[in-house]
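Q: Fold the following and give me the result.
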Amino acid sequence: MPVGINVGHFFDGPPPRWGERVRRIEDLGFDGIWFAEAYGSDVFTPLAWCAARTARIRLGTAVAQIPARTPAATAMSAATLDHLSGGRVVLGLGVSGPQVSEGWHGVAYPRPLARTREYVDVVRQVLARERPLSYDGEFHRLPLPGGTGLGKPLRSSLHPLRPDLPIQLGAEGPRNVALAAEIADGWHAMFFAPAADAFYRAALDAGFARRPGGRPAGFEVVATVPVVVDEDIEHAADRVRPQLALYIGGMGARGANFHHDVFARTGHAELAARVQHLYLRGEKRAAAAAIPTALVEQVALIGPAGKIREDLGRWESTVVDSIAVQGLPEDLESVARAVLG
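A: Modelled structure (predicted):
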């Protein structure tokens with residue numbers, strides 16, 4: 001199973017020894033390097049930086065926020081980077097949540113699936129470059145009606161290196177996962193649990209059933225997975241618990257936290273509610289402590305290298321085709337030995 005590194009996004013700045021570690025990711029044999037964005041560092045700039053310092057690894061957005069850019073702007077960035085990197089870009093897209101979409105980007109959030117469908121359609125038209133861009137949708141109308149009246153359909157002046165540049169959707173709910181299967185080239189999963197494989201397999205199959213020709217060749221499921229190599233399993237779990245508490249309890253508002261919903265759907269509704277209650281009260285340590293090790297092991301690879309290699313087999317028997325290690329491990333060599341063999 002191919003394994004990449006999902007760096008996420010920057011906080012105080014790039015990680016220590018950044019350039020050295022990016023080159024080491026490629027040298028160790030990882031499949032790709034992925035970046036995310038929230039409301040700080042963007043997703044394309046660090047990928048361009050990495051493209052200049054690597055030669056083989058894939059360069060993926062996991063994910064580029066749909067409300068952050070017009071679809072044409074996203075297509076421009078992806079196509080430009082694909083040229084500069086020699087065809088290594090994977091464009092992952094996601095709608096984010098209402099707090100970021102409306103609070104940071106000023107873009108209305110309702111009907112995210114319909115917005116995503118139109119957005120992907122426009123991006124594909126720009127990349128295909130078959131005709132000047134014209135679109136009459138509910139959320140995207142090109143050229144813009146009204147205004148000066150001078151807008152006209154345009155064709156990208158850049159000839160894309162790959163008109164079929166792969167597009168993945170970051171999705172967690174079953175309808176969004178099905179949408180990825182219907183309109184995209186892959187699904188980028190977060191908090192995937194092998195025990196829930198049948199649930200996600202059914203969601204994907206529902207989407208493929210709506211797609212002419214069914215599942216396309218090359219459709220890829222990538223799962224971002226926390227990996228902690230440590231002889232002490234509890235110590236390893238302790239390094240994952242705060243992050244799980246943040247996402248279950250604090251990412252999004254009460255009643256509008258899609259990460260929380262993942263755990264509620266997979267049989268942990270009571271625990272997820274407790275973690276959220278503690279986290280939103282400011283009791284972050286208590287929220288993390290409430291997460292049992294067994295739950296950490298469902299969505300993460302933790303413990304000694306031998307255990308991780310054995311547990312990785314659970315992902316290999318699911319719909320997942322490749323994984324991306326969540327975060328940038330301090331000891332890349334230990335993680336590589338555990339997950340790359």
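Q: tell me how far stretch 200-211 is from the chain's mean position?
A: 19 Å (Cα atoms, centre = their mean, to the nearest Å).
Q: Just the buried residues of it, please?
A: Neighbour counts over stretch 200-211 (16 or more other Cβ atoms under 10 Å) mark Tyr200, Ala203, Leu204, Ala206, Gly207, Phe208 as buried. For the C-beta atoms, the positions are set from N, CA and C on the backbone; glycine is no exception.
Q: just stretch 167-186 next, same as before
A: 167-172, 174, 176-186.
Q: Mind checking which of those residues land in helices?
A: If you go by DSSP state H, the buried residues of stretch 167-186 have Pro174, Asn176, Val177, Ala178, Leu179, Ala180, Ala181, Glu182, Ile183 in helices.
Q: Tell me which residues touch the fifth one, please.
A: So the one you mean is Leu179. Leu113, Thr116, Arg117, Leu169, Ala171, Gly207 (Cβ atoms under 8 Å, 6 or more residues apart in numbering).
Q: And it, what's its pLDDT?
A: In this model, Leu179 is scored at 98, pLDDT.
Q: What of the second one?
A: Per-residue confidence at Asn176 stands at 97 (pLDDT).
Q: Quick one: the strands in the stretch 201-341 of the chain, in order.
A: 220-225, 227-229, 301-303, 322-326 (DSSP state E, counting those that start in this stretch).
Q: Can I get those in a markdown table including mean neighbour count and mean pLDDT?
A: What follows is the strands of the stretch 201-341 of the chain, written out as a markdown table (neighbours: other Cβ atoms under 10 Å; pLDDT from 0 to 100):
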| stretch | mean neighbour count | mean pLDDT |
| --- | --- | --- |
| strand 220-225 | 23 | 98 |
| strand 227-229 | 23 | 98 |
| strand 301-303 | 25 | 98 |
| strand 322-326 | 24 | 98 |
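Q: Of those strands, which is nearest Pro145?
A: Minimum separation from Pro145 across the strands of the stretch 201-341 of the chain (Cβ to Cβ) falls at strand 220-225, 37.6 Å.
Q: contacting residues around that closest one?
A: In contact with strand 220-225 (Cβ under 8 Å, 6+ apart) are residues 4, 6, 34, 60, 62, 166, 168, 185-190, 192, 204, 299-301, 315, 319-326.
Q: and if we set it to 6 Å?
A: Residues outside strand 220-225 that contact it (Cβ atoms under 6 Å, 6 or more residues apart in numbering): 6, 186-190, 192, 301, 319-324, 326.
Q: and what of stretch 89-98?
A: With Cβ under 6 Å, 6+ apart, stretch 89-98 has contacts from 58-66, 78, 81-82, 109, 112, 116, 166-170, 188, 252, 256.
Q: Can you tell me which of these are buried?
A: 58-66, 78, 81-82, 109, 112, 116, 166-170, 188, 252.
Q: The lengthiest helix in the chain vs helix 174-183, what angle?
A: Secondary structure assigned by DSSP H gives helix 112-128 as the longest helix of the chain. Here helix 112-128 points in a direction 20 degrees away from that of helix 174-183 (axes from the mean of the first three to the mean of the last three Cα atoms, to 10 degrees).
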